[in-house]
Structure formats: structure tokens, C-alpha cells
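Visitor: what's the 3D shape of this:
(chains A, B, C and D)
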2 protein chains.
Amino acid sequence: MTESETATGGRPTLESVAELAGVSRATASRVVNGGAGVRAALREKVERAVAELGYVPNLAARTLVTRRNRAIGVVVAEPEARFFSDPFFAQHLRGISRELAAADNQMVLLLAEDERDHERIGRYLAGGHVDGVLLFSLHRSDPTPETAQRLGLPFVIGGRPGWPGAESDRDLVYVDNDNRGGARLAVQHLRSLGRTRIATITGPLDQTSSIDRLDGYRDLFPDGDGDLIAVGDFTVDGGIRGMTELLARRPDLDAVFAASDAMASGAMRVLRAAGRRVPEDVAVVGFDDVESIAAWTEPTLTTVRQEIEEMGRLMTRLLLRRLNDPEASAPSSVIIPTGLVVRGSA
Amino acid sequence: MTESETATGGRPTLESVAELAGVSRATASRVVNGGAGVRAALREKVERAVAELGYVPNLAARTLVTRRNRAIGVVVAEPEARFFSDPFFAQHLRGISRELAAADNQMVLLLAEDERDHERIGRYLAGGHVDGVLLFSLHRSDPTPETAQRLGLPFVIGGRPGWPGAESDRDLVYVDNDNRGGARLAVQHLRSLGRTRIATITGPLDQTSSIDRLDGYRDLFPDGDGDLIAVGDFTVDGGIRGMTELLARRPDLDAVFAASDAMASGAMRVLRAAGRRVPEDVAVVGFDDVESIAAWTEPTLTTVRQEIEEMGRLMTRLLLRRLNDPEASAPSSVIIPTGLVVRGSA
DNA sequence: CTGAAAGCGCTAACAA
DNA sequence: TTGTTAGCGCTTTCAG
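Guide: Sure, this is the predicted structure:
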């Protein structure tokens, strides 16, 4: 009995390809992997056999020897629903997916909601199933960076990591958009419109994106008035609360910079209810440029645009580069510029 | 030389665990896999060794012999941006992720945007890296179901598949929410409010969800008036166009059922601009219950709620059941009930 | 109950 | 250029 195509679940193996082509398994392997250094005649034979059998390499076997998975893990640690309620998440994934596909790598999505998930993910990473990790929504207590570090798994972070005392030797590579610069853009725009009493509604101050946006605002008000700052939470409700508060404290304000489009829309509702016209009485600028909000308020929302998909692509490219050239100097973090999109509200 | 912990990239192997515990590799393996039939004393030794070394099984090696990956693929074929612009996508993923995590399986996300992607995905599936497939946004031309079928890969579809002449022997298993019933609910509600000239704005009619929602509407108007039906596309703009059209054709209408919340919000804008009060003059019901829209229009939107996360969970459960018990009769498709959420607009 | 041994499908020296 | 030969780390008969 010829004993090819063994009990492999019906799927042809390299062995059976080699047999059909009349070559050794090694030669077949060479052809499958690019065919460098194989005589054309043989190569064709093998290629024919591959086609005829519909051979596809078994990656588990390949991984076992090459120690390369052609897969990267995307870890999203977001117990809060935020990641799921705005398009941020999906846009990131799309950017990552595109870049990964171009390099013929796969994306393994790891969502962490609780302690057990983190543990499971740790096991998974330790299992060696991915060649690198992309990390989002890093919280101070997140064990993943350390796990990855210990395992020698390259990783890149999305968004500036939060903890303040990040040891310098453990310089984390991250990609972020220019929150601070974007906030400055927004406030400068309001100023250029002649507004002088410019308030802001911030995001939750335990997130770096919120902090950076607030810092951008403060850059233009070195001697800032605390009454003009309300702490929000990126949601519509937060915008409503923040605006209500601001209006009570400073009824004379003539502009608001909200650190998210959702908050901006909430703020606009409050303003309208209070009889203030936007932008005549109070100009409003948001942040994010979420189309489903910004193109949609009345008036339409002037806001700061961030290139989220680009962020995903960039993170991926950074990670892949590191994988392919581990000895290269660690890439440095990247900040992607933001831009102002002027519409009706300011 | 003791020759344990070989050049395995530093990671401990079963071999090293066995050595440290003073047992054979086979016994160590047994313990790692549940420990059935191993004397307590030995088991403890092995467990200690595992803990001490921080041993984690190498899944590539395990897969190679067990032919099980503990991973399932999620294929999303959506060239259009829709999947990325509404929370549908993310909610599905969350449901899938939760269910998968509970069964200690991983999720491999495969996004297909063009022909090349489909090809790559086909190769990936053929490579045997996942044990089953979850499929979304199936288009008629989508090659994945056939690929999966050919490979003997179990799969479950999200949303009723589109093609009309689905051969009966090839009965596809899918999970959908009750679009038709939900639409009926909406229209019945409008009727119960005393409305008689009830219009509808549909989704794109090449999607089964749109068709089913329209059918639900028609169920209540067996002798329907074509003038009361406008074809939309699920977007805000589509709602605006549809409503404008309807108003021109039937200025006397007193209610609208929009097949998506986004369209409903567009419709409300048009109504307001036309001086019609909602709900006094025209009652509006949407579909989806996307919080960021429905809780947010003025007045808030009465709409049909679908349990998207539950859909994801159910699909996953169906698939896993099939994996664990391949001989069981093929599960049948499931339709998840929808419900009406009454708010301000109707 | 435990260990020895035979592979899973593939790549990578090393020889020829 | 090609084939031979070792494994990669793990599970799983099969003996004992």
C-alpha cells in the first residue's frame, strides 16, 4: 500500500504532495516556501501536485518548528462599555486587520472584562500562539504588559499608557493621536472667533486621553479659571451634566470645548434648552469626529478629527517591523496629528 | 548534561516538568490534562513542578496531535462600512467572545473586504487553524460557506442567508432576530395609537433583514398602498430622503415605521423641518434600539429592540455544541424574539 | 497506575 | 540542487 495521505483527516500532507510529484518531502517543502534553489522542472511538478491535491500547509506543524505563528493578538481590556458603544473600536480593528492581511498575518481578538479573562489571556500568550501583541485601553493594574515582557513577546500599545511613574528603562512603545495638540487646535479656533470665556468639559481624568486634552486646553490658559472646567465622562449624559454645571457657574461663557463629540452634543442640548443659540451665543467644539454624531447635531458639529484607522495601521506596522527584525533598536512611540473639522457649531 | 528545558525559547516543556517531578512525560501529560488515573502523590509532584516552572502547554504541538485548535474563526464579509459604523458589530463580538471564553476557546477575527481577502481566508480555513466558523453578512457570492462545507468545518451563520433557492439538502444553520415579528410589533403599536395612514421606510432590499422587516409591515396591510413605502438604506441620509419622498406622496400620513433607528432619526428631522410635530402629528417608530441614537433624538425614539449580544452568544453555543458532538443531528436555525421599547416618539 | 515509544506534519541542517 | 535525517512538544496506544 502506497501509504500516502495518511489518516490526516482527509487533508493532504506535504508527504503526499512529495510522493505525487516524485520528489522528497524536503524539496516539496522548498517549493511550498518560495521555491528558492529548486530546478524549474521539479518545481513545476510539485506545484502541479499541490494544485491537484489542494494542499495547504498545516500551520500547527509549521509553527512547532519555526516558532512563528503568523498571528498577532489584539488585547482589549475594557470592562466599561465604551469600547463597544463608539466606532473607535471597530475603526481600530479595521486598520489592524488591513495591515495584518497585507502581511499575511492573522488577528486573534482577546477581550478582557474581568480577572479571569486576564488570566486566560495570560495563559494564551504564554502558550505561544501569537508572535506579538497589540494592547488597548491599558489600565494601571493591567497585567498583560508585564506578561508579554516576561515572555519576550513584542507588544505595542494603543494610547498613551496611564501610569505616571513608568520606569524609564521599560520604555513602552505606544501609538497615540495628538490629543493635546488637537485640544489646542480647538481652543485656538474658538479664540480666533473672538471668544474669550471658553469653558471645557473633560473626559474621565483617569484616562490619559482626557488628561492630554485638558492639558491642551490649559496650554492656552496658563492662568486658567477653574470655574470654566467641568469634569465629564465622554458620554452624552456627561455632557449634559457638565454643561449644566458650567452654565450655573459661569452664565457669561461664550464657548465650550467638549472633549468628545458625545459630550458636545449633550452640551448643545442643554444650551438650546437654556435658550442660548449655537454658535451665535455659545460656540461649541467637540473631539473625535464621530460621523454619526458630528454630522448630525443641529447645527452640525465643529470638532477635532483623529485618524483612528491610521492609528491601528501604524501600531501594526510597528509591531511587525519589530517581529521581523528583533535586533533593531526599539522603535519609539508615535503621535499622530489631529486636525480641526469646521462645521456649523463654531 | 541533564538536557531538560532545551532550546525552547526559554519556555519550559512537558519534558522539563516531567524531569523535575521525577516522572515520565506521559504521566506529566495526564496530570496536565485533568489528571485522571494518576495517583495523588504523583499528581501533586507534577502540579508542583508545573507551578514552579510556570509551565504552559504549547498549543501548536497539542493541536498537531489532537487536531483541535480551541479556536474558532469569525468571518465578517462587509465591504460596506456599515458593520463599522453601528454598534451591531461590536455587540456581536462581545457576545461571541464571552461565550467562547467560557469554553476556553479563542476567537480569530477574519475581515473580508475584497476578493483577495476571501482567498486568504479560504487558505487560512483550509490550513486547519480553527475548529469552526461563525459567518456574518453573507452575500450570495460569498465563497466561505462552500469552502467550509468542503473542508468539513462546522459553521453557523449570523442573519438569515440571502439567496432564495437555497437547496434544501444544504440546510444552513443560522441565527437571526425576529425582524418580521419586530416590524409587526411596531406597526401594531402605531395602530393601537389610532394611526391609520402608516408609512414605512425600508432598508436596502438586497438584505434579508430589510426584506423581513418590510414583510412584517405588509403582514398588517394585506392590501397595502405602495405610496406608503419608501426604500431607504439604513442610514440617516436614507431616512431623510425616504421621509421627504413619503411626505410628498402622502402628506396626510400620520405615522412612520423606519426599519432602522438611524433612518428614524433622519425622518424626524425632516418631519420637524416640515412643521410636523412628533408624535402628535406623526408618530415614529424605529428599529434596532441603538442607544446612542434612540435615547437621544427629541423626542426619544420608540423602537424595536433586538438582542444582538444574545445572537452572538447563541451562534457560538450552537457551533460549540456541534464541535463537541459532531454526530448529533444538525441543530436547526434559531430566531430570537424582538421587543418594543416605547419612548417618546410613538 | 505508569513508562516507553511511536508518531502528528513540517522545516532545517547536513550530506551527497 | 536534492535527499536524508533529526527533531519541534505533545498525546496516546501499548506493555508492564
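Visitor: who in chain A is up against DNA strand D?
Guide: Contact residues, chain A versus DNA strand D (Cβ under 7 Å from any atom of the strand): A:23-27, A:30, A:37-39, A:41-43, A:61, A:64-65. (Each C-beta comes from the backbone N, C-alpha and C, glycine too.)
Visitor: and which of those residues is nearest to chain B?
Guide: A:Leu64 (4.7 Å; Cβ to the nearest Cβ).
Visitor: Which secondary structure state does that closest one sit in?
Guide: Following DSSP: H, G, I helix; E, B strand; the rest coil, A:Leu64 is assigned to helix.
Visitor: and it, how many residues sit next to it?
Guide: 17 (other Cβ atoms under 10 Å in any protein chain shown).
Visitor: what residues are up against it?
Guide: B:Asn58, B:Ala60, B:Ala61, B:Leu64 (Cβ atoms under 8 Å, 6 or more residues apart in numbering or on different chains).
Visitor: Arrange those in CSV, one row each, with secondary structure as further columns.
Guide: As requested, those are exported to CSV (three-state DSSP):
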residue, secondary structure
B:Asn58, coil
B:Ala60, helix
B:Ala61, helix
B:Leu64, helix
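Visitor: just so I have it, where are all the strands in chain A?
Guide: In chain A, the strands defined using DSSP state E lie at A:71-77, A:106-112, A:132-136, A:155-158, A:174-177, A:198-202, A:229-231, A:255-258, A:283-288, A:302-305, A:334-336, A:339-341.
Visitor: Tell me which of these sits most buried.
Guide: Mean neighbour count (mean count of other Cβ atoms under 10 Å in any protein chain shown) peaks for strand A:255-258 among those, with a mean of 32.
Visitor: which residues are in contact with that one?
Guide: A:183, A:186-187, A:190, A:193, A:195, A:197-201, A:217, A:232, A:239, A:242-243, A:246, A:264, A:266-267, A:271, A:282-287, A:346.
Visitor: now do 6 Å
Guide: A:186-187, A:190, A:195, A:198-201, A:239, A:264, A:267, A:283-286 (Cβ atoms under 6 Å, 6 or more residues apart in numbering or on different chains).
Visitor: Now do stretch A:195-204: distance from first to last residue.
Guide: The straight-line separation of the ends of stretch A:195-204 (Cα to Cα, to the nearest Å) is 26 Å.
Visitor: measure the residue in the stretch 151-300 of chain A positioned nearest to DNA strand C to DNA strand D for me?
Guide: For the stretch 151-300 of chain A, the residue closest to DNA strand C is A:Gly152, as judged by Cβ to the nearest atom of the strand, at 18.5 Å. Separation of A:Gly152 from DNA strand D (Cβ to the nearest atom of the strand, to the nearest Å) stands at 14 Å.
Visitor: what residue ranges in the stretch 101-250 of chain A score low on pLDDT?
Guide: A:163-170 (pLDDT under 70).
Visitor: in it, what residue is nearest DNA strand C?
Guide: Taking Cβ to the nearest atom of the strand, DNA strand C has its nearest neighbour within the stretch 101-250 of chain A at A:Asp104, 13.3 Å off.
Visitor: Excluding covalently adjacent residues, which one is nearest to that residue?
Guide: Spatial nearest neighbour of A:Asp104, chain neighbours left out: A:Arg70 (6.5 Å); criterion: Cβ to Cβ, 6 or more residues apart in numbering or on different chains.
Visitor: Give me the helices and strands touching the top helix by length along chain A, please.
Guide: Across chain A, the helix with the greatest residue count (assigned by DSSP state H) is helix A:308-324. Helices and strands touching helix A:308-324, by 3 or more Cβ pairs under 6 Å, 6 or more residues apart in numbering or on different chains; DSSP states H and E, are helix A:88-102, strand A:132-136, strand A:155-158, strand A:174-177, strand A:334-336.
Visitor: Which stretch among those approaches A:Ser210 most closely?
Guide: strand A:174-177 (12.7 Å; Cβ to Cβ).
Visitor: any residues touching the closest one, and which ones?
Guide: A:Ile157, A:Gly159, A:Arg160, A:Gln306, A:Met311, A:Leu314, A:Met315, A:Ser333, A:Val334, A:Ile335, A:Ile336, A:Thr338.
Visitor: Give me the nearest residue to the fourth one, chain neighbours excluded.
Guide: With sequence-adjacent residues excluded and distances taken as Cβ to Cβ, 6+ apart, A:Gln306 is closest to A:Asn177, at 4.2 Å.
Visitor: So what pairs up with that neighbour in the strands?
Guide: Legend: beta-bridge partners of A:Asn177 under DSSP bridges are A:Ile336.
Visitor: what about A:Pro326, how many neighbours?
Guide: Applying other Cβ under 10 Å, I find that A:Pro326 has 8 neighbouring residues.
Visitor: Contacts only, for the closest residue to it other than its chain neighbours.
Guide: Leaving aside its sequence neighbours, A:Pro326 sits nearest to A:Pro154 (Cβ to Cβ, 6+ apart; 7.4 Å). Applying Cβ under 6 Å, 6+ apart to A:Pro154 gives the contacts A:Gly132, A:Arg322, A:Leu323.
Visitor: how about a cut-off of 10 Å?
Guide: A:72, A:131-133, A:148, A:173, A:318-323, A:326, A:330-331 (Cβ atoms under 10 Å, 6 or more residues apart in numbering or on different chains).
Visitor: Mark which of those are buried, thanks.
Guide: Neighbour counting by 16 or more other Cβ atoms under 10 Å in any protein chain shown classes A:Ile72, A:Asp131, A:Gly132, A:Val133, A:Ala148, A:Val173, A:Leu318, A:Leu319, A:Leu320, A:Arg322, A:Leu323 among the contacts of A:Pro154 as buried.
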